[in-house]
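J.: here's my sequence, what's the structure:
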Amino acid sequence: MANEFAKMRRLHVAPVLVIMVIGVVALSCITFTTPGFMASVDDPAAQPWQWLLAGLALAVPLVSPILLAVLASRQVDVEHQGNGWIFSQTSGLTPGHLCRVKFVATGSLVAAAILVQSTVVIVLGALVGITTNFPTGQWLGYTASIAVVNLVLLALHILLSARIPNQLVGLGIGVLGVFVALSSTGMPPWLNHVLLPWGYYALSTPVDTRGGGVVALDPPYMSVVILGVLGGAVFLATTRMFDRQEA
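T.: Predicted coordinates:
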């Protein structure tokens with residue numbers, strides 16, 4: 001684990017995470033420029049916190065898929081370029097074990113970045129003067145759900161990057177994932193359940209804008225939990241297959 005964090009310093013992982021946080025926060029705060037928003041920050045009927053949460057729910061799928069692909073690619077490509085798979089195996093660390101360590105190390109930073117970006121958006125909302133009741137349940141539910149979806153997507157990209165040396169493939173899938181995630185907002189829930197894992201960005205959204213207002217949704221949190229369990233099981237099974245293969 002310490003070795004992976006040491007590699008991250010040379011791979012400039014921190015700047016990528018900073019870009020992800022800044023990108024999500026900046027796009028979320030475009031809500032502040034919505035006509036009439038600043039004049040309604042103290043009006044409970046206008047639901048300013050829900051409007052800001054809707055902005056966050058739009059920003060996350062616009063930024064996260066491509067940058068998660070970049071993070072996974074940088075973490076794994078170094079092993080392809082420097083024969084790291086072979087060197088690790090000679091020291092008793094199998095390719096699958098190495099992938100699992102990479103996921104835990106990178107995933108911990110991704111989870112922290114998600115918490116930071118959500119917190120910063122809340123702080124900025126308070127700084128611009130929103131004084132209505134804070135929707136704690138909606139905000140916590142969305143933050144936790146997005147953490148699960150992003151970690152499953154990170155695991156997927158680690159597997160892709162490990163199996164396919166050409167990292168342009170993983171990055172291309174990351175770009176495609178942005179379009180799928182954004183398109184899924186207009187798709188029926190049953191189809192979003194099939195579009196693993198990008199459709200779950202839409203399923204996790206707790207609010208929606210309709211008819212010039214914002215309405216509360218009922219996200220299927222159990223589906224997100226199942227996604228996390230299924231994603232974890234597939235990742236473990238696949239990396240155990242890597243353990244039985246030559247590096």
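J.: quick check: residue 97 touching residue 240?
T.: No: between residue 97 and residue 240 there is no contact under C-beta atoms under 8 Å: 9.3 Å. For every residue, glycine as well, the C-beta is placed using N, CA and C.
J.: compare these two (neighbour count), which wins?
T.: Applying other C-beta atoms under 10 Å to residue 97 and residue 240 shows that residue 97 carries more neighbours, namely 16 against 13.
J.: tell me the confidence at the residue nearest to the more buried one when sequence neighbours are not counted?
T.: Leaving out its chain neighbours, the residue that sits closest to residue 97 by C-beta to C-beta, 6 or more residues apart in numbering is residue 243, at 6.5 Å. pLDDT recorded at residue 243 is 82.
J.: can you check residue 165 too?
T.: With respect to pLDDT, residue 165 has a value of 87.
J.: isn't it right next to residue 78, touching?
T.: No: with contacts counted by C-beta under 8 Å, residue 165 stays clear of residue 78, the gap being 11.9 Å.
J.: tell me where the model's unsure across this protein.
T.: Scanning the chain for pLDDT under 70 picks out the ranges 245-247.
J.: tell me which element the residue nearest in space to the middle of it falls in.
T.: By C-alpha atoms, centre = their mean, the mean C-alpha position of the chain lies nearest to residue 150, the distance being 2.9 Å. For residue 150, the host element (DSSP states H and E) is helix 136-163.
J.: how about residue 214?
T.: strand 213-216.
J.: what lines up beside that strand in the sheet?
T.: strand 207-210 (antiparallel) (DSSP bridges).
J.: please state the offset of the partner strand from the chain centre?
T.: The chain centroid and the centroid of strand 207-210 are separated by 21 Å, computed with C-alpha atoms, centre = their mean, to the nearest Å.
J.: ok, residues contacting that strand?
T.: Outside strand 207-210, the residues within contact range by C-beta atoms under 8 Å, 6 or more residues apart in numbering are 50-51, 53-54, 57, 138, 214-217.
J.: I'd like the residues you listed as JSON lines, with neighbour count and distance to residue 83 appended.
T.: Formatted as JSON lines, the contacts of strand 207-210 follow (neighbours: other C-beta atoms under 10 Å; distance: C-beta to C-beta, whole Å):
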{"residue": "50", "neighbour count": "21", "distance to residue 83": "52"}
{"residue": "51", "neighbour count": "22", "distance to residue 83": "52"}
{"residue": "53", "neighbour count": "26", "distance to residue 83": "46"}
{"residue": "54", "neighbour count": "20", "distance to residue 83": "47"}
{"residue": "57", "neighbour count": "22", "distance to residue 83": "42"}
{"residue": "138", "neighbour count": "18", "distance to residue 83": "48"}
{"residue": "214", "neighbour count": "18", "distance to residue 83": "53"}
{"residue": "215", "neighbour count": "12", "distance to residue 83": "55"}
{"residue": "216", "neighbour count": "12", "distance to residue 83": "53"}
{"residue": "217", "neighbour count": "15", "distance to residue 83": "49"}
